[in-house]
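Engineer: here's a sequence, model it:
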Amino acid sequence: MIIKSLKIGVSQMWLNKRLIFVYYLVNFIFGIILMLPFRSILNNFVGHRLMGAKLGGYLDWDFVFDFLTHRGSAMTAYLGLFLILPVLYGAFLLFMSGGVLKIFVSGEKYSPMLFWGNNARYFGRFVRLFLWLSLIHI
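Structural biologist: Okay, here's the model as predicted:
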């Protein structure tokens, strides 16, 4: 039963390749938002010094401690972004779950109107389900 369900799910996924692209694009955008400030902080710290050679190999704890002591103030601002962005990311993925569920359950092909319309239609239900499941695990 499980193998059959997985086969059906993979076949529906390949029929709706645009969904893979939409999810990839969302993940890419959130990754860029998270990594660009960190890259800037790291580039300002390392610059063109020999310290940058330590970034390509194994984790060097001397580098990590030196980075945290010299750029601690910049990292506190980055920490706020690091705490807020996963919440927004999770909420957006929760928002997109309604459209994916509707497409997979109905067996239709991806269309932007069907996908985004059902995202908005089922978002409240998914939020309630998420809150219910969160309370169960507490």
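Engineer: CA atoms for contacts and neighbours, from now on please.
Structural biologist: Noted.
Engineer: quick one, what contacts residue 64?
Structural biologist: Applying CA atoms under 8 Å, 6 or more residues apart in numbering to residue 64 gives no contacts.
Engineer: roughly how far apart are it and residue 81?
Structural biologist: Distance, residue 64 to residue 81, by CA to CA, to the nearest Å: 20 Å.
Engineer: residue 32 now?
Structural biologist: Counting by CA to CA - residue 32 and residue 81 are separated by 12 Å.
Engineer: tell me the SS of residue 99?
Structural biologist: The local conformation at residue 99, judged by DSSP: H, G, I helix; E, B strand; the rest coil, is helix.
Engineer: count the residues that sit near the residue nearest to residue 68 when sequence neighbours are not counted.
Structural biologist: Residue nearest to residue 68 in three dimensions, not counting chain neighbours: residue 75, with 7.5 Å by CA to CA, 6 or more residues apart in numbering. For residue 75, the neighbour count with other CA atoms under 10 Å is 19.
Engineer: what are the buried residues along the helix or strand containing residue 75?
Structural biologist: Using DSSP states H and E, residue 75 falls within helix 72-106. Within helix 72-106, the residues that count as buried by 16 or more other CA atoms under 10 Å are 75, 78, 85, 94-100, 102-104.
Engineer: wait, which of those residues is closest to residue 28?
Structural biologist: Ranked by distance to residue 28 (CA to CA), the buried residues of helix 72-106 are led by residue 85 at 13.0 Å.
Engineer: the closest one contacts residue 31, correct?
Structural biologist: No - judged on CA atoms under 8 Å, residue 85 makes no contact with residue 31 at a distance of 9.6 Å.
Engineer: where in this protein is pLDDT low?
Structural biologist: Applying pLDDT under 70 to the chain flags residues 48-54, 138.
Engineer: most centrally placed residue in the chain?
Structural biologist: With distances taken as CA atoms, centre = their mean, residue 27 lies nearest the centre of the chain, 4.6 Å away.
Engineer: what's the helix or strand hosting that residue packed up against?
Structural biologist: Residue 27 belongs to helix 17-46 when assigned by DSSP H and E. Contacts defined by 3 or more CA pairs under 8 Å, 6 or more residues apart in numbering; DSSP states H and E place helix 17-46 against helix 72-106.
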